[in-house]
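# what's the 3D shape of this:
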Amino acid sequence: MAGRFEIYGDPISGNCLKVKYTADFLGCDYQWIDVDITAGDSRTPEFLALNRFGQVPCVRFESGETLAQSNAIIFYLGEASELVPAGPIARAKVLEWMFWEQYSHEPYIAVCRFQCLYLKTPVEDLDPVKVEKGNSALAVMETWLADHAFFVGNSLSVADIALFPYSRMAEDGGFDLSAYPHLSRWLERVQSSLCL
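Reported below is the predicted structural model:
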């Protein structure tokens with residue numbers, strides 16, 4: 001991807017880390033601009049002028065165009081690189097996992113993590129439905145990873161990067177990753193691939 005750009009993000013957010021990890025892996029030229037979501041920085045008039053959704057991450061390109069939503073950003077950044085497969089079915093499979101991550105994974109694991117880590121909610125007081133659905137998401141990943149090194153193909157893709165941050169942080173939300181050995185080994189593979 002050509003040109004310097006700005007990433008507006010909060011380093012406590014797994015969604016923002018996806019963008020940072022992708023940009024770093026690809027050697028992109030970017031400036032990170034901290035947006036403290038706990039202080040309401042994403043709700044200021046200045047930020048809302050960049051991103052009408054009032055969420056991080058958001059990127060602004062040299063053209064002035066902006067792009068929001070973590071998985072849209074990393075898919076865009078990964079285009080024409082090894083992170084996005086060339087074949088139409090493989091590309092669709094990447095999107096399949098990325099859509100699943102935002103619908104069936106992040107809403108439970110990330111929310112439990114935020115409540116435990118930042119709202120200081122005891123694990124035993126978490127919404128049991130969110131905990132159950134979070135464990136169900138981890139179980140889906142565990143089953144897939146029993147027979148696959150990565151989520152699409154035989155190497156790292158943006159599907160892996162989309163799933164990595166909040167899976168890696170799941171224990172912050174009270175989830176026991178020792179129950180998911182294949183997932184734990186995948187976390188190590190992704191971490192190594194990203195040189196973290």
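
# where are the low-confidence patches of this protein?
1-2 (pLDDT under 70).

# let's go with 50 and repeat that
Along the chain, segments meeting pLDDT under 50 are nowhere present.

# would you list every one of the helices in this structure?
14-26, 45-50, 70-78, 88-100, 106-117, 128-145, 158-168, 181-193 (DSSP state H).

# and those helices as JSON lines, adding distance to Ala39?
Glycine gets a C-beta too; all of them are placed from N, C-alpha and C. Below are those laid out as JSON lines (distance: least, CB to CB, whole Å):
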{"stretch": "helix 14-26", "distance to Ala39": "15"}
{"stretch": "helix 45-50", "distance to Ala39": "11"}
{"stretch": "helix 70-78", "distance to Ala39": "20"}
{"stretch": "helix 88-100", "distance to Ala39": "29"}
{"stretch": "helix 106-117", "distance to Ala39": "15"}
{"stretch": "helix 128-145", "distance to Ala39": "25"}
{"stretch": "helix 158-168", "distance to Ala39": "21"}
{"stretch": "helix 181-193", "distance to Ala39": "30"}
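
# so which of the ones you listed comes closest to Val35?
Evaluated with CB to CB, these place helix 45-50 nearest to Val35, the distance being 6.6 Å.

# Touching the closest one from outside, list them.
With CB atoms under 8 Å, 6 or more residues apart in numbering as the test, helix 45-50 has contacts from 8, 35, 41, 54, 58, 60, 66.

# Then stretch 93-110?
Residues contacting stretch 93-110 (CB under 8 Å, 6+ apart): 14-15, 71, 75, 84-85, 130-131, 133-134, 136-138, 140-141, 151-152, 157-159, 162-163, 166-167, 169-170, 173, 175.

# 7 Å instead, please
Contacts of stretch 93-110 with the rest of the structure, by CB atoms under 7 Å, 6 or more residues apart in numbering, involve 14, 71, 75, 84-85, 130, 133-134, 137, 151-152, 157-159, 162-163, 166, 170, 173, 175.

# Ile161 reaches Tyr21, doesn't it?
Yes: taking contacts as CB atoms under 7 Å, Ile161 lies within contact range of Tyr21: 5.5 Å.

# out of these two, which sits in the busier spot?
Per other CB atoms under 10 Å, whichever of Ile161 and Tyr21 has more neighbours is Ile161, with 29 against 24.

# Relative to Pro45, how far out is the more buried one?
Using CB to CB, to the nearest Å, Ile161 is found at 32 Å from Pro45.

# Asn154 now?
47 Å.

# Let me see the contact set for the residue nearest to Asp29 when sequence neighbours are not counted.
Distances taken as CB to CB, 6 or more residues apart in numbering place Arg4 nearest to Asp29, at 4.4 Å, with adjacent residues excluded. Applying CB under 7 Å, 6+ apart, we find Arg4 in contact with 29-30, 62.

# picking that back up, name the stretch among the helices of the chain that sits most buried.
Across the helices of the chain, averaging neighbours per residue (mean count of other CB atoms under 10 Å) puts helix 158-168 on top, at a mean of 26.

# All set now, cheers.
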